[in-house]
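Enquirer: model this:
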Amino acid sequence: MLGVYHFLLDGFENLQSLDRGDGDQEEVADHAYAEFWTRYGDRHFFDGDKSSVQPSHLCLASGRIVCLANSGVGDWYIAGRLKPDGDLAKMPKYRRYTFHRVQALRGAAQCMAVRGAHEIAIGEPNAGDKFIADAGYGDLLIEINATVPEAIRYRYQNIEYMPGGGFPSGTSQHGLEMLRRRLVAAFEAYRLSCEGVEPFCPYPYPPIYNYRAYDLRTDGTGAEDHGILVVRIHT
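Expert: I've put the predicted structure just below:
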């Protein structure tokens with residue numbers, strides 16, 4: 001399964017300028033790589049698993065885009081279910097960072113199956129998938145806060161008791177249990193995100209299978225040095 005993950009980083013104070021040319025592309029990429037692997041990747045992936053991690057690009061708070069993959073920003077990010085308002089390269093610079101925050105929130109909403117959306121972007125989009133793809137940042141926050149707790153409450157109200165804590169793998173009851181647990185884990189991760197940087201959850205909570213937006217900042221202050229790293233991970 002291939003998931004799109006967003007990581008909030010800091011430490012780009014002197015690297016935000018859009019007018020510095022390509023001379024410091026490597027400097028920016030090196031800092032992003034180091035922060036990602038030191039604070040997240042090395043804790044989750046052994047050497048043999050690192051091929052499953054595909055860093056794509058970094059969007060700095062200034063709107064500057066730094067590609068980390070040879071092919072640049074792939075169509076998979078700027079099209080399809082988690083869609084922007086057109087080509088990222090043609091998007092006004094002042095909108096790019098906000099757009100990446102919206103993309104991160106859309107990914108989180110997908111994990112929480114908002115409006116019955118598929119937790120994994122496969123198959124034909126349903127009504128929930130389409131809502132997530134079209135909704136703005138504020139509307140998504142309102143929808144998550146209003147509906148996800150109720151969805152969790154419903155799943156617990158309709159739970160079936162099984163001595164020993166669970167149903168055999170492969171049964172429909174086991175599948176429902178797994179969905180409930182992932183939903184709860186994703187919502188708890190969302191709730192831990194700091195006001196103003198939703199949906200980025202402070203690492204290391206929770207496991208990577210339940211959520212796709214993490215706050216890897218070192219000090220948590222000052223938005224001017226922030227960047228959002230986009231990574232595709234096979235889980």
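
Enquirer: following the chain onward from the helix or strand bottoming out on mean pLDDT in the chain, which element is next?
Expert: For the chain, the helix or strand with the lowest mean confidence is helix 75-78, at a mean of 52 (criterion: mean pLDDT, DSSP states H and E). Using DSSP states H and E, the next helix or strand after helix 75-78 towards the C-terminus is helix 93-111.

Enquirer: any buried residues in that following helix, and which?
Expert: For helix 93-111, a neighbour-count test (16 or more other C-beta atoms under 10 Å) marks 96-97, 99-111 as buried. In this view, the C-beta of every residue, glycine as well, is placed from N, C-alpha and C.

Enquirer: those residues: which two are farthest apart?
Expert: Arg96 and Cys111 (23.3 Å; C-beta to C-beta).

Enquirer: next, Pro199: secondary structure please.
Expert: Secondary structure, DSSP: H, G, I helix; E, B strand; the rest coil: Pro199 is coil.

Enquirer: just to check, it is in contact with Ala104?
Expert: Yes - between Pro199 and Ala104 a contact is recorded at 5.9 Å, counting by C-beta atoms under 8 Å.

Enquirer: list residues touching both of these two?
Expert: Contact criterion C-beta atoms under 8 Å, 6 or more residues apart in numbering; residues bridging Pro199 and Ala104 by contacting each: Ala213.

Enquirer: number of nearby residues for Asp30?
Expert: Neighbourhood size, Asp30 [other C-beta atoms under 10 Å]: 11.

Enquirer: do you know the pLDDT at it?
Expert: Per-residue pLDDT puts Asp30 at 82.

Enquirer: again with Cys194
Expert: 80.

Enquirer: likewise for the one 10 residues further on?
Expert: Among the per-residue scores, Pro204 holds a pLDDT of 68.

Enquirer: can you give me the strands for this structure?
Expert: Taking DSSP state E, the strands of the chain run over residues 2-9, 53-60, 65-67, 201-202, 213-215, 227-234.

Enquirer: need the least confident one among the ones you listed, by mean pLDDT.
Expert: strand 65-67 (a mean of 82).

Enquirer: strand partners (parallel or antiparallel) of it?
Expert: strand 53-60 (antiparallel) (DSSP bridges).

Enquirer: kindly export the partner strand (C-alpha atoms) in CSV.
Expert: The C-alpha trace of strand 53-60 is given here as CSV (Å, rounded to 0.1, in the frame of the first residue of the first chain):
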residue,chain,number,x,y,z
VAL,A,53,10.5,5.6,1.3
GLN,A,54,10.2,8.0,-1.6
PRO,A,55,10.7,11.7,-0.7
SER,A,56,9.0,13.9,-3.3
HIS,A,57,9.4,17.6,-2.6
LEU,A,58,9.5,20.3,0.1
CYS,A,59,7.3,23.4,0.2
LEU,A,60,8.8,26.2,2.3
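
Enquirer: compute the inter-axis angle for it and helix 93-111.
Expert: Comparing the axes of strand 53-60 and helix 93-111 via axes from the mean of the first three to the mean of the last three C-alpha atoms, to 10 degrees yields an angle of 140 degrees.
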